[in-house]
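Student: Got a predicted structure here, sequence first:
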Amino acid sequence: MRKAISTVTLIRSDKDKLSQLVKQLEQCSVLPEELVVVWLISPNALSLLKSKHFNIVHKFIANDELAVAKALNRGINATTHTDIAYIDVNSVFPTDLFQYGQDALLNHNVAYTHDISSHINVGDEAATLRTHLSLITTGESTAHAPKLKVGAEPVFNKIKDIYYGKPNDHRHRFAVFFISKADFEKTRGFDEAFTGVELIIEDFIAKCYQSGLSFVSLPIFTITALSPVAGNKQVHFFNMVMNTKRFYHKWGHYPNKALLKRYAEAGIINKCFEDEGILFTCQPDITMNKSVPNQREKHSLNKGSTRPHEKFASVMSNARFHENIS
């Protein structure tokens, strides 16, 4: 007999996606016993959403869309069963998701799917995508979903071509993952000192490894829609930098070094950040939505050089921040 399983999801802005998630869960071959929904926005009509097939528990974090780690901990700690599945509210998954996830937890501590970040509107195409994902998992094929073997070298490129998405390495992002409550407690959960979404998952995975937990990738593909983050991008930039500093302090390396080098080349942070630590060479003024120079940059302004806020604006206009945990 299978253990009962709890599912957790967060609502930060895409509240309309909750109905779609519940509909997907209700169609699974193995149903969860409960869905814990943690709201980081104000209550609304969907905050009372129920299902005939499983219990839905609504929890609330008082209007703090950046308290993602706190929300994850609250959701997982609120579950009542031994096995837990976290599912991004924007994800589309095959109907046999829970069967594969729970089977994997018999021999491993953490199981995750092959997730594809996509800019397509999965809300409009969810039923079709679920059919394709199920066919791919079982090794069958259709005109739109050719037979693909998980683990084959070209599989991600083929999936990317089909869904116009980008495959994600598990070290960077868990859109869908399984873990037992006991193993989650071994890690002491997500670090609530991190603000926003940046590096929360990377830090949690490092804690899992530190706790001796084993990982396994499921022979399942999931697709997660990416939606632009709401609010001030400069706030998210600050959160990324501060979270990076904390991550480095804890683990001794930068997990997002390529991104930091881009910021250094743009003159936003110091070029020698690997030796000196991260320092702002121009500092965005989040209250005025512009950048102001710090003391290190004042001398360069007198020489007619590019103003720091212009450097920052250029980079930020090309920066891509997303709601999903990544």
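Tutor: Nice, thanks for sending it over. Numbering: from 1, shown residues only.

Student: What count of nearby residues applies to residue 51?
Tutor: Using other Cβ atoms under 10 Å, residue 51 has 15 neighbouring residues. C-beta: built from backbone N, CA, C; applies to glycine.

Student: now residue 68
Tutor: Residues near residue 68, counting by other Cβ under 10 Å: 26.

Student: Equivalent analysis for the one 4 residues further on, please.
Tutor: The number of residues packed near residue 72 is 22, by other Cβ under 10 Å.

Student: host element of the residue lying closest to it once chain neighbours are set aside?
Tutor: Among residues not flanking residue 72 along the chain, residue 190 sits closest, at 4.8 Å (Cβ to Cβ, 6 or more residues apart in numbering). For residue 190, there is no helix or strand it lies in under DSSP states H and E.

Student: for residue 190, what are its contacts?
Tutor: 68, 69, 70, 72, 73, 200, 203, 204 (Cβ atoms under 8 Å, 6 or more residues apart in numbering).

Student: go again using 6 Å as the cut-off
Tutor: 69, 72, 73, 200, 204 (Cβ atoms under 6 Å, 6 or more residues apart in numbering).

Student: Tell me how far it lies from residue 65.
Tutor: 16 Å (Cβ to Cβ, to the nearest Å).

Student: Equivalent analysis for residue 91, please.
Tutor: In terms of Cβ to Cβ, residue 91 sits 19 Å off from residue 65.

Student: These two: which is more packed in?
Tutor: residue 91 (25 against 19).

Student: To which secondary structure element type does the closest residue to the more buried one other than its chain neighbours belong?
Tutor: Once flanking residues are discounted, residue 91 sits nearest to residue 224: 4.5 Å by Cβ to Cβ, 6+ apart. Here residue 224 is strand, with the state taken from DSSP: H, G, I helix; E, B strand; the rest coil.

Student: pretty sure residue 224 is in contact with residue 87, am I right?
Tutor: No: using Cβ atoms under 6 Å as the test, residue 224 is too far from residue 87 to be in contact (9.4 Å).

Student: Counting residues, name the longest helix you see in the chain.
Tutor: helix 233-251 (DSSP state H).

Student: And that helix, what does it pack against?
Tutor: Using 3 or more Cβ pairs under 6 Å, 6 or more residues apart in numbering; DSSP states H and E, no helix or strand is in contact with helix 233-251.

Student: Which positions within that helix qualify as buried?
Tutor: Within helix 233-251, the residues scored as buried using 16 or more other Cβ atoms under 10 Å are 233-244, 246-248.

Student: OK, contacts around residue 195?
Tutor: Residue 195 neighbours (Cβ under 6 Å, 6+ apart): 66, 239.

Student: hang on, it in a strand?
Tutor: No: Residue 195: not assigned to a strand; according to three-state DSSP it is coil.

Student: any idea how far it is from residue 209?
Tutor: From residue 195 to residue 209 the distance is 23 Å (Cβ to Cβ).

Student: And the strands in this protein?
Tutor: 5-11, 34-39, 55-60, 83-87, 91-92, 110-118, 165-167, 176-180, 215-225, 282-285, 290-293 (DSSP state E).

Student: any idea of the mean pLDDT in the first one?
Tutor: Per-region confidence: strand 5-11 scores 95 on mean pLDDT.

Student: what are the pairing partners of that strand, and which direction each?
Tutor: If you go by DSSP bridges, strand 5-11 pairs up with strand 34-39 (parallel), strand 83-87 (parallel).

Student: could I get those strands as JSON lines with mean neighbour count, mean pLDDT and distance to residue 282?
Tutor: JSON lines is the format used below for these (neighbours: other Cβ atoms under 10 Å; pLDDT from 0 to 100; distance: least, Cβ to Cβ, whole Å):
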{"stretch": "strand 34-39", "mean neighbour count": "23", "mean pLDDT": "96", "distance to residue 282": "36"}
{"stretch": "strand 83-87", "mean neighbour count": "24", "mean pLDDT": "96", "distance to residue 282": "37"}
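
Student: would a markdown table of the ones you listed with distance to residue 215 be doable?
Tutor: Below are the strands paired with strand 5-11 laid out as a markdown table (distance: least, Cβ to Cβ, whole Å):
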| stretch | distance to residue 215 |
| --- | --- |
| strand 34-39 | 23 |
| strand 83-87 | 14 |
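
Student: between these, which gets nearest to residue 185?
Tutor: strand 83-87 (10.7 Å; Cβ to Cβ).

Student: Contacts for that closest one next, please.
Tutor: Against strand 83-87 from outside (Cβ under 6 Å, 6+ apart): 3, 5-9, 76, 101-102, 105, 176-181.

Student: at 7 Å what do you get?
Tutor: Residues from elsewhere that reach strand 83-87, judged by Cβ atoms under 7 Å, 6 or more residues apart in numbering: 3, 5-9, 21, 32, 76, 98, 101-102, 105, 174, 176-181, 184.
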